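[1] After the sequence you'll find the predicted model.
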Amino acid sequence: MPTSIVHDLAQAQQVQQAMSVLGPPATVAVLRTLDRNGGELPIQGFADAMPWMGSRLAPRLTAMEAGGLVSKARSGQASVICLTAAGRDALRIQMPFTRWASAHQAVPESGTGMGAYTEQALASLNRTHTVATLWALAAEGEPVYPSEIQDQVLPADGPHPSALYRRLAQLEEAGLVERSGERHAYMYALTQAGQDLMEPLEALARWADRHVPAPAARPAASAPVRVAAIAPVTPSPVSAPAAGQPSPAAQAAGRAQAASVRSVTTALAFSHHPAPQPAPLVSNSASARQR
């Protein structure tokens, strides 16, 4: 039987923070360069090892030092960049992310090997509420209305619920989420690519648990999200509902009504399609031409 892993909103925020640390361009490339050079390299040595970085190298190293991935030391008159334990551990997430990206994303436009695939995957996921949204959908295991996962994705004192609709639309465009149903009553579920992403996210969650500070506790804690491993389901014979129990059709109708009561305003305010643009205010009348 597949095991289940419990995640809550705080853990999702912690993993999202890990993505913001590891996701910026060239971060993984710098870690790999240090690892190939025994874990430390003079700053001047980076100019030879990564000439394509140019003026971007110094600010990237500064940001990585702030994120705990590297540290600076002095060796005589030279400054040396050293790989920290967090930076070394971060290299372990390359394999699961590379497997996922090579199966579900295009070949990276720049770079080669595991580093390029890992950076591309992290960059595509480095958006607020992405991890929480994916985990909430995985926990459901079936199409859901946005309002049914809203409490697991957005903090109680956080952004407007339309932020969840925007994130779902972006994840759909990325091929991680699929949409079904009718306008203003859409339902969302993970695609195969979204389901396969759970393994890399778990690897990132383990790294975050060791190296990323937990977010500050909020007054009202969100309910845990149980993410179950994806497993084949054996169909069971269809039977009539027990006496006194609503039929499956009635349950679905009640669920749709409950979801619409909470989310209809948000859904009406958000559309997956661009809003129609007004016609230009140009007049061809004779009086207008005279003026």
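    Okay, I see it.
[2] can you pull the contacts of the residue nearest the centre of the chain?
    For the chain, Thr130 is the residue whose C-alpha lies nearest the centre (CA atoms, centre = their mean; 3.1 Å). The neighbourhood of Thr130, defined by CB atoms under 8 Å, 6 or more residues apart in numbering, consists of Gln16, Met19, Arg167, Leu171. Heads up, the C-betas are built off the backbone N, CA and C, glycines and all.
[3] with these in mind, which one is nearest to Gln195?
    Leu171 (12.7 Å; CB to CB).
[4] List the residues that contact the closest one.
    Going by CB under 8 Å, 6+ apart, the list of residues near Leu171 reads Thr130, Thr133, Leu134, Val177, Gly194.
[5] what do you get if the cut-off is 6 Å, keeping everything else the same?
    The neighbourhood of Leu171, defined by CB atoms under 6 Å, 6 or more residues apart in numbering, consists of Val177.
[6] Also Asp89?
    When contacts are counted by CB under 6 Å, 6+ apart, Asp89 touches Trp207.
[7] Can you tell me the SS state at it?
    The three-state label given to Asp89 by DSSP: H, G, I helix; E, B strand; the rest coil is helix.
[8] about what we covered before: ok, and the most crowded of the contacts of Thr130?
    Counting neighbours by other CB atoms under 10 Å, Leu171 leads the contacts of Thr130 with 26 neighbours.
[9] Which helix or which strand is home to that one?
    Mapping Leu171 onto the secondary structure by DSSP states H and E places it in helix 162-173.
[10] C-alpha coordinates for that helix, CSV please?
    Below are the C-alpha coordinates for helix 162-173, written out as CSV (Å, rounded to 0.1, in the frame of the first residue of the first chain):
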residue,chain,number,x,y,z
SER,A,162,-7.9,35.3,-7.4
ALA,A,163,-4.2,34.6,-6.8
LEU,A,164,-5.0,30.9,-6.7
TYR,A,165,-6.9,31.1,-10.0
ARG,A,166,-3.9,32.9,-11.6
ARG,A,167,-1.5,30.2,-10.3
LEU,A,168,-3.8,27.4,-11.6
ALA,A,169,-3.9,29.1,-15.0
GLN,A,170,-0.1,29.3,-15.1
LEU,A,171,0.3,25.7,-14.0
GLU,A,172,-2.1,24.6,-16.7
GLU,A,173,-0.1,26.5,-19.3
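[11] Return the distance of the next helix or strand after that helix from the chain's centre.
    As assigned by DSSP H and E, the chain's next helix or strand after helix 162-173 is strand 177-182. Relative to the chain's own centre, strand 177-182 is displaced by 19 Å; criterion: CA atoms, centre = their mean, to the nearest Å.
[12] Would you mind listing the buried residues in the first helix or strand past strand 177-182 going along the chain?
    Downstream of strand 177-182, the first helix or strand assigned by DSSP H and E is strand 185-190. Burial within strand 185-190, assessed by neighbour count using 16 or more other CB atoms under 10 Å, is assigned to Tyr186, Met187, Tyr188, Ala189, Leu190.
[13] Check which helices and strands strand 185-190 sits against.
    Where contact means 3 or more CB pairs under 6 Å, 6 or more residues apart in numbering; DSSP states H and E, strand 185-190 is packed against strand 177-182.
[14] picking that back up, just the mean pLDDT for the helix holding Leu171, thanks.
    Helix 162-173 comes out with an average pLDDT of 93.
[15] That helix to strand 177-182, inter-axis angle?
    Between the direction of helix 162-173 and that of strand 177-182, the angle (axes from the mean of the first three to the mean of the last three CA atoms, to 10 degrees) works out to 110 degrees.
[16] and the angle for helix 162-173 with strand 185-190?
    Angular relation of helix 162-173 and strand 185-190 on a 0 to 180 degree scale: 60 degrees, by the same axes, to 10 degrees.
[17] Helix 162-173: how far from the chain's middle?
    Computed by CA atoms, centre = their mean, the chain-centroid distance of helix 162-173 equals 11 Å.
[18] same deal with stretch 142-161?
    Remark: stretch 142-161 is offset 15 Å from the chain centroid, using CA atoms, centre = their mean.
[19] How about stretch 126-136?
    Per CA atoms, centre = their mean, the centroid offset for stretch 126-136 relative to its chain is 4 Å.
[20] And for stretch 201-220?
    Averaged C-alpha coordinates place stretch 201-220 at 14 Å from its chain's average position (CA atoms, centre = their mean).
[21] Thank you, goodbye.
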